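Participant: okay, sequence plus prediction incoming.
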Amino acid sequence: MKNKKLLLVVLALAIVTSLTAGTLAIYTKTVTMTGQVEAKKFAFTADGNIENDAEAINLAPTESMDYLFVVTNLDGKTPAEVPLKYNVAIDFSKASDNMPGLTATLYEKKTANGEYEVVATGNSTITYNDATEANTAAQHDYKLTLTWSGTDNDGQTVAGTQKVTYEQGLNVTVAAEQAV
């Protein structure tokens with residue numbers, strides 16, 4: 001009977017010890033991790049000599065005039081962290097109405113040696129779409145060439161006599177958004 005009591009006491013001590021062992025630990029450790037949450041950088045610029053050029057579109061028959069502009073996905077030297085798609089919209093419809101035979105060709109510099117390739121043409125408007133990759137610096141160089149043939153659709157020689165304001169003459173709009 002004494003052995004039975006001793007066995008019950010040892011068993012009771014073992015149960016109590018196992019239940020309280022976790023709470024009587026001398027060493028404990030809690031780890032809390034934190035992290036910053038922020039929006040990825042959206043960087044986009046378009047710059048050219050169209051807005052800053054003090055000269056008007058001034059062409060004689062068979063002459064051409066070039067305008068250069070650049071589109072980048074950079075903020076300083078840091079590229080956008082998201083892929084971008086952008087649209088180039090060129091409107092010279094008012095000038096085209098006043099100068100029949102006026103056409104435009106949009107070129108993009110595609111080769112390492114600086115040669116331009118035709119990407120779009122139009123008689124009053126041009127629309128062109130392109131894109132840039134995320135985390136990769138990109139600069140797209142464009143050249144817009146306006147050419148006046150001096151003849152209308154019937155081949156008759158025409159003279160442009162009306163001046164067109166900057167706001168109505170040539171408008172280049174470049175709009176970008178995140179590609180999804």
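Facilitator: Received, thanks. Not measured: the values here are computed from a predicted model.

Participant: these two touch, right, residue 142 and residue 68?
Facilitator: Yes. Using Cβ atoms under 8 Å, residue 142 is in contact with residue 68, at 7.0 Å. The way it works is simple: take the backbone N, C-alpha and C, and place the C-beta from them, glycine included.

Participant: looking at those two, which is more packed in?
Facilitator: Neighbours were counted for residue 142 and for residue 68 using other Cβ atoms under 10 Å; residue 142 has more, 24 against 16.

Participant: what strand or helix carries the more buried one?
Facilitator: strand 139-148 (DSSP states H and E).

Participant: which of the residues in that strand are buried?
Facilitator: 140-148 (16 or more other Cβ atoms under 10 Å).

Participant: of all those, which comes closest to residue 26?
Facilitator: Using Cβ to Cβ, residue 140 comes nearest to residue 26 of those, at 65.2 Å.

Participant: these two touch, right, the closest one and residue 74?
Facilitator: No. Assessed by Cβ under 8 Å, residue 140 is found out of contact with residue 74, at 11.3 Å.

Participant: gap between the residue sitting nearest the centre point of the chain and residue 116?
Facilitator: Nearest to the mean C-alpha position of the chain, counting by Cα atoms, centre = their mean, stands residue 84 at 3.6 Å. As defined by Cβ to Cβ, to the nearest Å, residue 84 lies at a distance of 22 Å from residue 116.

Participant: with residue 90 instead?
Facilitator: When residue 90 is compared with residue 116 (using Cβ to Cβ), they lie 15 Å apart.
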